[in-house]
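Colleague: Kindly return the folded structure for what I paste below:
(one chain, ligands or ions: 1)
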Amino acid sequence: MNSERIYIFDTTLRDGEQSPGISLNSFEKLEIAEQLARLGVDVIEAGFPISSPGDFEGVEKIARSVSGVTVCALARAIEKDVTTAWDAIRHAERPRIHTFISTSDVHLEHQLRKSRDEVLEIARRMVALAASLCDDVEFSAMDATRSDPDFLASVLAAAVEEGARTINIPDTVGYAIPSEFGDFIRGQFQRVPGLRDVAVSVHCHNDLGLAVANSLAAVEAGATQIECAINGLGERAGNASLEEIVMILETRRAALDRMTGVKTTEISRTSRLVSQLTGYDVQPNKAIVGKNAFAHESGIHQDGVLKERTTYEIMNAASVGRGQSDIVLGKHSGRHALKSAMEELGFKLSDDELNQAFVHFKKIADRKKQVTAVDLEHLVSEDLRELSDIFELKAYHVTAAAGSMSESRVEIGKEGQRLSGESVTGGSMESIFKAIDNAVGTRGKLKDYQVRSVTEGKDSLGEVRVVVEVGGQAYAGTALSIDVVEASAKAYVRALNNAYRVGAVK
Ligand SMILES: [Zn+2]
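Modeller: Numbering: from 1, shown residues only. You can find the predicted model right below:
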């Protein structure tokens, strides 16, 4: 079956990263980008380089090391934005500059304070500039769905003339409804004949819960690229959810006659990684990646599924990479078994990295009967993150008892030195965090603290995520351990490492 190819443009690291409370460092961004490449998306929008030095660094790192995928950087239609975006991605195997300007009157009047003629002229000049730097240019007309269709068409036609290869028509404010949005896209194809020679893209927001439905309506109207994000992350109510888009096209391929290049069995793992690093939990009933998405509770359904799976299942859980944790290691598994399990998961580890992972693995396997694929994934991520840390939790001691103050002592390694700190205070978490502050010589304010278990069972690894405010800025840290106290202390130290990277902690 030769269905039309739909290109998946992932904006988890740009639009998704703009969600409140998400602060990924450049290593975490790289980790997500590598997983997105494994997932098989066509384009990774890695960030908005002009917005901050940290964003620039993250985009550049991804451009230099992630292969097999287009790496895209966002730029307003401003010369400095466009050249900065290019500087960040110029070393990518397949770089793309994505530049945008608003076309709706409400934005022109109140935000840009420019006339339609001026906007048309800027769009023309900035697309031309981007095309002079980079072969692959995408142009977006922000707030397209609330723009005058004729004016929008003139801007899109100009962008195509100046060399944009992808034209994105976003529903920036999430206002469209599917039938109307499909017609809107058809209307642009009619007004701008040049759109047939480029990729037409859509970027839908989920304010009314219609982002996926609108994207699908656009595909039926001829769009060939969909902008979306893992777990539907993004500004406000988020973007179209990548996993839903991909699984709709996959499950209903006979009806829609479209296909993507996504390796669906990597979906669950990508969702878990993004949730873990961003701290955004996935709602249990979320389609495709929610905990209950494939659970049958009703007796009638269970009975049916046991007799014949397809009675109540339209998708197989294994097709999105769930419930097929074939890899199970135990305390007798050796280095070789670990190495091949890691390779199966897609991690290529150097000898040093493998050694470190093995030490870590042994510690876990001593206390946990079965070490599963999910555990291993977390373990490697944890080790890779540690490699880039300057502060390291070397030792800790906490005492806690009902009715008495909690006492903590910690030792933190920093470039060969050992820093120690103590604290006596109300709760055990508070006391260990204060002891870490004292060792490092800072004052962090705990803004958020979450614990969850990675797998099932009492011996599951516990994962802790903290958000710590230092000098008015928030820094997140995630860590895992069999022991929740240890995971908490490590997560706190990791947050301080993130603060250190930008100079907020010395
Ligand atoms: Zn957006």
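Colleague: Which positions within stretch 175-191 qualify as buried?
Modeller: If you call a residue buried by 16 or more other CB atoms under 10 Å, then stretch 175-191 has these buried ones: 175, 176, 178, 181, 182, 184, 185, 188, 189. The C-beta positions use only the backbone N, C-alpha and C, and glycine is treated the same way.
Colleague: mind putting those residues in JSON lines, pLDDT, distance to residue 75 and secondary structure included?
Modeller: Below are those laid out as JSON lines (pLDDT from 0 to 100; distance: CB to CB, whole Å; DSSP: H, G, I helix; E, B strand; the rest coil):
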{"residue": "175", "pLDDT": "95", "distance to residue 75": "25", "secondary structure": "coil"}
{"residue": "176", "pLDDT": "96", "distance to residue 75": "25", "secondary structure": "coil"}
{"residue": "178", "pLDDT": "98", "distance to residue 75": "30", "secondary structure": "helix"}
{"residue": "181", "pLDDT": "98", "distance to residue 75": "26", "secondary structure": "helix"}
{"residue": "182", "pLDDT": "98", "distance to residue 75": "29", "secondary structure": "helix"}
{"residue": "184", "pLDDT": "98", "distance to residue 75": "25", "secondary structure": "helix"}
{"residue": "185", "pLDDT": "98", "distance to residue 75": "24", "secondary structure": "helix"}
{"residue": "188", "pLDDT": "98", "distance to residue 75": "23", "secondary structure": "helix"}
{"residue": "189", "pLDDT": "98", "distance to residue 75": "26", "secondary structure": "helix"}
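Colleague: Quick check: which ranges of this protein have low pLDDT?
Modeller: For the chain, residues meeting the criterion pLDDT under 70 lie at 1, 297, 323-327.
Colleague: Take the buried residues of stretch 175-191 and write them to TSV, including distance to residue 48.
Modeller: As requested, the buried residues of stretch 175-191 are arranged in TSV below (distance: CB to CB, whole Å):
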residue	distance to residue 48
175	23
176	24
178	29
181	25
182	29
184	26
185	26
188	25
189	29
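Colleague: Could you spell out which stretches of this structure belong to which domain?
Modeller: When the chain is parsed with automatic domain parsing, its domains come out as 4-262, 328-386, 389-501.
Colleague: Identify the residues contacting the closest residue to residue 42 other than its chain neighbours.
Modeller: Among residues not flanking residue 42 along the chain, residue 7 sits closest, at 4.3 Å (CB to CB, 6 or more residues apart in numbering). Residue 7 makes contact with 42, 43, 199, 201, 224, 225, 226, 260, 261, according to CB atoms under 8 Å, 6 or more residues apart in numbering.
Colleague: Repeat that for residue 428.
Modeller: Residues in contact with residue 428, defined by CB under 8 Å, 6+ apart, are 398, 400, 406, 408, 485.
Colleague: which of the contacts of residue 7 sit farthest apart?
Modeller: Put simply, by CB to CB the two of the contacts of residue 7 set farthest apart are 201 and 261, 15.4 Å from each other.
Colleague: Between those two, which is the more surrounded one?
Modeller: Higher neighbour count among residue 201 and residue 261: residue 201, with 24 against 14, using other CB atoms under 10 Å.
Colleague: who's the residue nearest to residue 42 bridged to?
Modeller: The residues listed as beta-bridge partners of residue 7 by DSSP bridges are residue 225.
Colleague: let's have the chain start at 273 instead
Modeller: From this message on, residue numbering opens at 273, which makes the last subject residue 279.
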